[in-house]
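Visitor: heads up, no residue letters with this:
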């Protein structure tokens with residue numbers, strides 16, 4: 001396994017340093033996918049990029065450590081805002097996230113709990129939590145929950161970043177660009193029996209996200225919020 005990871009590191013380094021501006025979008029999406037695969041391997045999920053095995057039990061720990069999305073000060077500010085809105089700041093977890101290249105801003109999906117609203121998911125763009133999607137029984141109310149943010153790679157290429165979660169019955173999630181071309185994203189174990197994912201696609205601001213079950217049937221399709 002160490003040898004495979006080392007080879008992957010060398011490939012990523014070679015692509016990043018190639019300097020081919022025409023491959024920037026492909027490179028960014030590929031690296032995010034590769035990181036997702038590494039996270040899955042480290043979490044013991046035993047899956048590949050597009051699919052997972054249904055006998056995998058998601059862990060209760062966040063697959064996206066806070067330090068990979070927020071600085072310590074930024075996360076403290078986000079939790080303060082959550083507490084002011086009635087959420088338990090100590091129980092808040094980043095379930096999906098990345099840093100946008102534009103100004104290196106955080107973009108995340110946070111899981112938080114509230115005595116009156118139950119388990120909630122809030123998109124955080126920058127340091128501002130958005131509207132919450134909540135469930136009193138602790139279950140995700142829809143098969144797929146996705147949010148998006150505009151990004152910019154360098155001085156020219158416009159991109160769209162997505163963060164989301166899916167029910168455990170989901171076995172594959174794809175990002176479909178305006179041409180109808182799908183790109184699979186890695187599903188990573190998350191708290192509450194869910195799968196989380198994050199990705200970014202260049203040269204577009206309009207995406208459709210599809211979720212499939214083991215039979216390959218599409219059970220959810222949405223345009224990110």
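Guide: Sure thing, it's come through. All figures in this text were calculated on a predicted structure; none of them were measured in a lab.

Visitor: Please confirm that residue 81 is located within a helix.
Guide: Yes. According to DSSP: H, G, I helix; E, B strand; the rest coil, residue 81 belongs to a helix.

Visitor: Identify the residues contacting it.
Guide: 127-129 (CB atoms under 8 Å, 6 or more residues apart in numbering). From N, CA and C alone the C-beta is placed, and that goes for glycine too.

Visitor: Kindly supply the ChimeraX command isolating those of those that are buried.
Guide: Here is the ChimeraX command that selects the buried residues among these (16 or more other CB atoms under 10 Å):
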select :127,129
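
Visitor: Excluding chain neighbours, what is closest to residue 142?
Guide: Of all residues not flanking residue 142 in the chain, residue 220 sits nearest, at 6.8 Å (CB to CB, 6 or more residues apart in numbering).

Visitor: What is the strand or helix carrying that neighbour packed up against?
Guide: Counting by DSSP states H and E, the element that carries residue 220 is strand 218-222. Applying 3 or more CB pairs under 8 Å, 6 or more residues apart in numbering; DSSP states H and E, we find strand 218-222 packed against strand 144-153, strand 208-212.

Visitor: where does residue 71 land on pLDDT?
Guide: Residue 71 carries a pLDDT value of 92.

Visitor: same check, this time on the one 5 residues further on
Guide: pLDDT, residue 76: 94.

Visitor: Phi and psi next, for it.
Guide: phi -60, psi -40 (degrees, to the nearest 10).

Visitor: Run a quick neighbour tally on it.
Guide: 13 (other CB atoms under 10 Å).

Visitor: cool, residue 190 as well?
Guide: 27.

Visitor: give me the beta-bridge partners of the nearest residue to it once chain neighbours are set aside?
Guide: Distances taken as CB to CB, 6+ apart place residue 196 nearest to residue 190, at 4.0 Å, with adjacent residues excluded. Listed by DSSP bridges, the beta-bridge partners for residue 196 are residue 165, residue 188.

Visitor: which of the contacts of residue 81 lies closest to residue 153?
Guide: Checking those against residue 153 with CB to CB, the nearest one is residue 127 at 22.0 Å.

Visitor: The residue nearest to that closest one when sequence neighbours are not counted sits in which helix or strand?
Guide: Leaving aside its sequence neighbours, residue 127 sits nearest to residue 77 (CB to CB, 6+ apart; 5.2 Å). In this assignment (DSSP H and E), residue 77 forms part of helix 72-84.
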